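>>> coords below, sequence missing:
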């Protein structure tokens, strides 16, 4: 099973690369493992995420961190993660919205976003808020071809907002 995380746009060995890869390795790798059913046979992506985080980290705070988990589960909610059936996996509105907007931006202008910070700035569109692992999850899934691309979704009705649309309403 391939669990490596690829981060384009950084010179390997640089301090920025090391900082980006450290965060991506934890939450991005958890997303990759959960998408591929990693350490759990459960079809539930929540269970798969939790199992992946327990395998990757002994830190209880890292295991319980909701922002990256809710970004992953938000993408699962709308059927954007390959191998995970669309469903109701999170009640998070913001983290789900951030992840969906990031996918939309990557589909439209992918080459512009070679780092988590660049993608986050575009998702936030001027709002000052800290990124908490959400973009590491999105980029890891994107770079490892675990996101259902627009071409594959074109024939089905999509409830995804376009970048710049109003925030998603809570169901």
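Received the coordinates, thanks. Here the structure is a predicted model, which means the values were calculated and not measured.
>>> show me where this protein has helices.
Applying DSSP state H to the chain gives helices spanning 15-23, 29-35, 45-56, 60-64, 66-77, 94-109, 116-124, 134-143, 150-153.
>>> CSV for the ones you listed, including mean pLDDT, mean neighbour count and distance to residue 87?
All C-beta atoms are positioned from the backbone trio N, CA, C, and that covers glycine. Formatted as CSV, the helices of the chain follow (pLDDT from 0 to 100; neighbours: other Cβ atoms under 10 Å; distance: least, Cβ to Cβ, whole Å):
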stretch, mean pLDDT, mean neighbour count, distance to residue 87
helix 15-23, 55, 14, 27
helix 29-35, 93, 28, 14
helix 45-56, 94, 21, 8
helix 60-64, 93, 12, 22
helix 66-77, 97, 27, 7
helix 94-109, 94, 22, 13
helix 116-124, 92, 19, 24
helix 134-143, 93, 28, 17
helix 150-153, 60, 12, 16
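>>> make TSV from the ones you listed and add distance to residue 83 to it.
Output for these, formatted as TSV (distance: least, Cβ to Cβ, whole Å):
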stretch	distance to residue 83
helix 15-23	23
helix 29-35	6
helix 45-56	9
helix 60-64	22
helix 66-77	10
helix 94-109	16
helix 116-124	23
helix 134-143	11
helix 150-153	13
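>>> out of those, the one nearest residue 88 is which?
Among the helices of the chain, the nearest to residue 88 by Cβ to Cβ is helix 66-77 (6.3 Å).
>>> helices or strands up against that closest one?
Counting by 3 or more Cβ pairs under 8 Å, 6 or more residues apart in numbering; DSSP states H and E, the packing neighbours recorded for helix 66-77 are helix 29-35, helix 45-56, helix 94-109, helix 134-143.
>>> next, the contact list for residue 99, please.
Residues in contact with residue 99, defined by Cβ atoms under 8 Å, 6 or more residues apart in numbering, are 71-72, 74-75, 134, 137-138.
>>> 6 Å - rerun?
Contact analysis of residue 99 by Cβ atoms under 6 Å, 6 or more residues apart in numbering lists 71, 74-75, 134, 138.
>>> now swap in residue 79 and tell me
Going by Cβ under 6 Å, 6+ apart, the list of residues near residue 79 reads residue 86.
>>> and the gap between it and residue 43?
14 Å (Cβ to Cβ, to the nearest Å).
>>> what's the answer for residue 142, then?
23 Å.
>>> and for residue 84?
For residue 84 relative to residue 43 (Cβ to Cβ), the value is 8 Å.
>>> and the two? which has more neighbours close in?
residue 84 (23 against 12; other Cβ atoms under 10 Å).
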